[in-house]
Each structure stands twice: as C-alpha cells, then as structure tokens.
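*Asks:* Dropping the sequence and predicted coords here.
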Amino acid sequence: MGYTAAVITVSDKGYRGEREDTSGPNLVRILEEKGFQVTYTAMVPDESEMIQAELRKCADALHIALVLTTGGTGFSPRDITPEATLKVVERLTPGIPEAMRAESMKITPKGCLSRSAAGIRGRTLIINLPGSKKASAENILAVIDPVAHGLDMLYSEGSADCAK
C-alpha cells in the first residue's frame with residue numbers, strides 16, 4: 001500500500017491542553033499497522049476556518065492521500081467538523097460514513113447519531129471520525145480495507161481493477 005496519511009484531532013479542550021488526546025495517537029497506530037505512512041498530525045479547536053485550513057494544507061500543500069479527522073461529529077453546538085469538511089471536499093463519498101454508522105449500530109443504537117462526512121479533494125480522501133478513542137477505532141476499522149482500494153482507484157491513471 002504505502003499511502004501517506006494525516007490525523008487531525010478537533011477538540012477545544014485538547015487544543016487548550018485541558019484534555020489528553022487519546023483518539024489521535026490511537027488512529028496513528030492503527031494506520032501504521034495497516035501500512036500507511038503517517039506524515040502529519042495536528043490538533044485544532046472546533047473552529048470551521050481552522051479545520052478547513054488544516055484539510056486544505058493536507059490536500060493541497062502536503063499531498064497526503066488519506067486524512068482522518070477525529071472529533072466534532074456529534075450534536076453539540078460546537079461540533080462542526082462535517083460542515084467544515086463539506087466546504088473543502090470536491091466530491092462526496094457517502095458510502096464511507098454510511099458503512100461506519102451501520103457498523104456502529106451493531107455496537108450501540110447511538111451509532112446513528114454520528115454526523116461524520118467523507119469526501120475527496122484532489123487526490124486526498126478525507127474521512128471524519130468520532131472523537132472517542134473507542135468509536136474512532138471501531139469506525140476506521142470498519143472501512144479501512146475498502147478505503148485502501150478507494151485510494152488505489154484515486155491514484156490510478158485510468159481505472160483501478162475493481163473486478164478483483
């Protein structure tokens with residue numbers, strides 16, 4: 001595989017140093033175990049412009065293949081990660097968050113409350129994940145293998161071999 005990846009934690013309390021980020025480092029570990037090269041991590045508060053700036057940086061300047069955000073996908077008034085993501089992506093990939101929610105629903109009925117979004121900007125796939133260590137891991141593990149195939153398609157010169 002060998003694709004690059006980034007993990008962006010979205011958390012007011014984490015950004016202010018009031019809460020330890022456990023989901024971000026755990027996602028880095030999972031990605032590395034799955035063969036990704038994590039080349040960038042960041043923490044930002046729940047501020048749309050800052051989230052958008054990080055996503056643009058990862059896609060446009062750093063040319064990272066896969067960007068995971070963790071946090072800001074719930075119902076709190078400050079949870080705006082999906083809205084910030086939708087302002088940045090050029091093409092939606094609705095099947096990814098649908099699959100994550102479906103898998104979450106097998107674990108807890110509250111899985112339907114996730115507002116995660118996913119989409120493509122240039123050749124970067126951006127996926128929003130919940131903020132908790134447990135939920136973010138469950139969500140990414142539910143889709144990481146199909147995501148790898150999606151990146152193969154995104155980075156192919158024509159069309160990837162989907163018949164395999």
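*Replies:* Okay, I see it. What you see is a predicted model, and the numbers here were worked out from it, not measured in a lab.
*Asks:* isn't Val88 right next to Ala53, touching?
*Replies:* No: under the criterion of C-beta atoms under 8 Å, Val88 makes no contact with Ala53, lying 9.3 Å away. Heads up, the C-betas are built off the backbone N, CA and C, glycines and all.
*Asks:* Now for these two: what residues contact both?
*Replies:* Common contact partners of Val88 and Ala53 (C-beta atoms under 8 Å, 6 or more residues apart in numbering): none.
*Asks:* Pick out whichever of the two has more residues nearby.
*Replies:* Taking other C-beta atoms under 10 Å, Val88 and Ala53 do not tie; Val88 has more neighbours (20 against 15).
*Asks:* ok, and what's touching the lengthiest helix in the chain?
*Replies:* Using DSSP state H to define each element, the chain has its longest helix at helix 133-154. Around helix 133-154, the neighbours that count as contacts under C-beta under 8 Å, 6+ apart are 1, 3, 22-23, 26-27, 30-31, 34, 65-66, 68, 70, 93, 96, 99-100, 102-104, 107, 114, 116, 120, 123, 125, 127, 129-130, 159-160, 162.
*Asks:* at 6 Å what do you get?
*Replies:* Applying C-beta atoms under 6 Å, 6 or more residues apart in numbering, the contact partners of helix 133-154 are 1, 3, 22-23, 26-27, 34, 65, 70, 96, 99-100, 103, 123, 129-130, 160.
*Asks:* where do the helices sit along the chain?
*Replies:* According to DSSP H, the helices that the chain contains are 12-15, 23-33, 48-56, 81-88, 95-107, 133-154.
*Asks:* From the contact counts, what lies against the fifth one?
*Replies:* Helix 95-107 sits against helix 133-154, with contacts defined as 3 or more C-beta pairs under 6 Å, 6 or more residues apart in numbering; DSSP states H and E.
*Asks:* how much space between the residue nearest to Lys13 when sequence neighbours are not counted and Gly71?
*Replies:* Beyond its immediate neighbours in the sequence, the residue positioned closest to Lys13 (C-beta to C-beta, 6 or more residues apart in numbering) is Arg19, lying 3.9 Å away. As defined by C-beta to C-beta, to the nearest Å, Arg19 lies at a distance of 10 Å from Gly71.
*Asks:* Between those two, point out the one with more neighbours.
*Replies:* Set side by side, Arg19 and Gly71 show unequal neighbour counts under other C-beta under 10 Å, the larger going to Gly71 at 29 against 12.
*Asks:* Without its sequence neighbours, what residue ends up closest to that one?
*Replies:* Ranked by C-beta to C-beta, 6+ apart and with sequence neighbours excluded, the top spatial neighbour of Gly71 is Gly131, at 3.5 Å.
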